[in-house]
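> this one's structure only:
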Ligand SMILES: *Cc1c(COP(=O)(O)O)cnc(C)c1O
């Protein structure tokens, strides 16, 4: 062999226990970890089809939708964004993108790769959008699709959506929403709010592992997918075919790709835990978790990046970096305590810290533990800054 077997692989695997309190993934529960140790099923096995059907029911519950075209994609949440853009846009279509942080910018980038023209409306960082501003843009631009993020994790901003669907439909525009970091923790009523496409990863407020994405399209969006003149650009995200594999249309389940039964079982358990606890209770728990964290952060003297409390995303709280070295704080918490806190992302890099309270971490004990670690790490990071 010219390339010998790596010595490093002959050492035992080491995976430490960490408390993941950044913007996701969050620590996952022993129950889900246990579910992931089940045998692997074939992607055409009846037992896996049954699990897939149960998952669809769970997605409909957390999205509050009756949409036929509801399924899970075998990839992290970016795939939801790709699937929305590639299925709903054709070359030369116009999409309006609401940008108030990294995720909107990324969506615009994707839309352009599929040949659409992306028009952006932009708010200042830490703010959300008013509906008048959006309606003005819809009236002027007449896009086919509006894309907006319910929970913008790069800034910690929450975007209200109730009523936005009606405004979009008045202008013959479909509404697509990224609910990756918000669904489960805050209300999301897909049907009632007239949302035409929505997707979420599982590793944030739904309490599961990364690597699988839930997605749903309204009947109008589904019609659009079947009416399009050109094939959707990516086979892997093509909802016409994926919808068949997930038995959304006609009880044939042709092979599209090999689904990962290990991740699907984990997704099924994440949704099952929420169904057992009740979605309202799951949301209430996140609201209480946010409040406990917020009070603790105030006590420690942190300043919130999103000044207006009504505009704060409860799953990811952002605080301003001022009299401390943020990287020292983050590294200290990780090295000394195996606690993950996130720095800023994209336009907020270097300016904020982001502390996520999601899923299995959403307990008073874990939040208090992380606040203790933050207190110690902050002291350390202030000393480091003072010495500079
Ligand atoms: C985390 C996140 C994503 C991307 O998720 P991946 O699983 O990393 O692909 C998309 N949108 C928002 C709002 C997020 O917070």
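Thanks, I have the structure now. Since we're looking at a predicted model, the values are computed, not measured. Numbering: from 1, shown residues only.
> buried ones in stretch 224-244?
224-225, 232-233, 236-244 (16 or more other CB atoms under 10 Å). Quick note: C-beta positions are derived from backbone N, CA and C, even for glycine.
> mind checking the end-to-end distance for that stretch?
By CA to CA, to the nearest Å, the extent of stretch 224-244 from end to end equals 17 Å.
> do stretch 269-288 as well
Start-to-end, stretch 269-288 (CA to CA) is 23 Å.
> touching the ligand at all, that stretch?
No: using CB under 6 Å from any ligand atom, stretch 269-288 never reaches the ligand; the gap is at least 13.9 Å.
> so how far is that stretch from its chain's centroid?
Distance of stretch 269-288 from the chain centroid (CA atoms, centre = their mean, to the nearest Å) equals 16 Å.
> same thing with stretch 360-374?
21 Å.
> hang on, the earlier thing: okay if I get the buried residues of stretch 224-244 as JSON lines plus pLDDT?
Shown next, in JSON lines, are the buried residues of stretch 224-244 (pLDDT from 0 to 100):
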{"residue": "224", "pLDDT": "97"}
{"residue": "225", "pLDDT": "98"}
{"residue": "232", "pLDDT": "96"}
{"residue": "233", "pLDDT": "96"}
{"residue": "236", "pLDDT": "97"}
{"residue": "237", "pLDDT": "97"}
{"residue": "238", "pLDDT": "98"}
{"residue": "239", "pLDDT": "98"}
{"residue": "240", "pLDDT": "96"}
{"residue": "241", "pLDDT": "96"}
{"residue": "242", "pLDDT": "97"}
{"residue": "243", "pLDDT": "97"}
{"residue": "244", "pLDDT": "96"}
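> return the member of these nearest to the ligand.
residue 237 (13.3 Å; CB to the nearest ligand atom).
> tell me the SS of the closest residue to that closest one other than its chain neighbours?
Spatial nearest neighbour of residue 237, chain neighbours left out: residue 83 (4.0 Å); criterion: CB to CB, 6 or more residues apart in numbering. Under DSSP: H, G, I helix; E, B strand; the rest coil, the three-state class of residue 83 is helix.
> I figured residue 83 hits residue 215, correct?
Yes: using CB atoms under 8 Å, residue 83 is in contact with residue 215, at 5.9 Å.
> and the residue nearest to residue 237, how many neighbours?
25 (other CB atoms under 10 Å).
> that one: what's it in contact with?
By CB atoms under 8 Å, 6 or more residues apart in numbering, residue 83 lies in contact with 73, 199, 213, 215, 237, 239.
> switch the residues you listed over to a markdown table; also include secondary structure.
Formatted as a markdown table, the contacts of residue 83 follow (three-state DSSP):
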| residue | secondary structure |
| --- | --- |
| 73 | strand |
| 199 | strand |
| 213 | strand |
| 215 | strand |
| 237 | helix |
| 239 | helix |
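> contacts with the ligand among these, please.
Okay, of those, nothing touches the ligand (CB under 6 Å from any ligand atom).
> could you chop the chain up by domain?
19-25+278-387, 30-275 (automatic domain parsing).
> residue ranges of the strands in the stretch 201-350 of the chain, please?
Here the stretch 201-350 of the chain has its strands, by DSSP state E, counting those that start in this stretch, at 213-217, 316-320, 339-340, 342-343.
> helices and strands around the first one, which ones?
Put plainly, it is strand 213-217. helix 46-63, strand 69-73, helix 78-88, strand 197-201 (3 or more CB pairs under 8 Å, 6 or more residues apart in numbering; DSSP states H and E).
> and of these, who's closest to residue 19?
Nearest of those to residue 19, taken as CB to CB: strand 197-201 at 19.2 Å.
> now the closest one against strand 69-73, angle please.
Orientation check (axes from the mean of the first three to the mean of the last three CA atoms, to 10 degrees): strand 197-201 against strand 69-73 gives 30 degrees.
> off-centre distance for strand 197-201?
With CA atoms, centre = their mean, you get 7 Å for strand 197-201.
> Throw the helices and strands packed on strand 213-217 into a markdown table and include distance to residue 284, thanks.
Below are the helices and strands packed on strand 213-217 laid out as a markdown table (distance: least, CB to CB, whole Å):
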| stretch | distance to residue 284 |
| --- | --- |
| helix 46-63 | 15 |
| strand 69-73 | 25 |
| helix 78-88 | 26 |
| strand 197-201 | 19 |
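> deepest of the strands of the stretch 201-350 of the chain, which one?
strand 213-217 (a mean of 28; mean count of other CB atoms under 10 Å).
> and the angle for that one with helix 46-63?
Counting by the same axes, to 10 degrees, strand 213-217 points 70 degrees away from the direction of helix 46-63.
> starting from strand 213-217, tell me which strands it pairs with and how they run.
Next to strand 213-217 in the sheet, as set by DSSP bridges, lie strand 69-73 (antiparallel), strand 197-201 (antiparallel).
> JSON lines for those, including mean neighbour count and mean pLDDT?
Putting these into JSON lines (neighbours: other CB atoms under 10 Å; pLDDT from 0 to 100) gives the following:
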{"stretch": "strand 69-73", "mean neighbour count": "24", "mean pLDDT": "98"}
{"stretch": "strand 197-201", "mean neighbour count": "28", "mean pLDDT": "98"}
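> what segments of the stretch 1-150 of the chain are strands?
With DSSP E, counting those that start in this stretch as the criterion, the stretch 1-150 of the chain has strands spanning 19-20, 69-73, 94-99, 117-122, 145-149.
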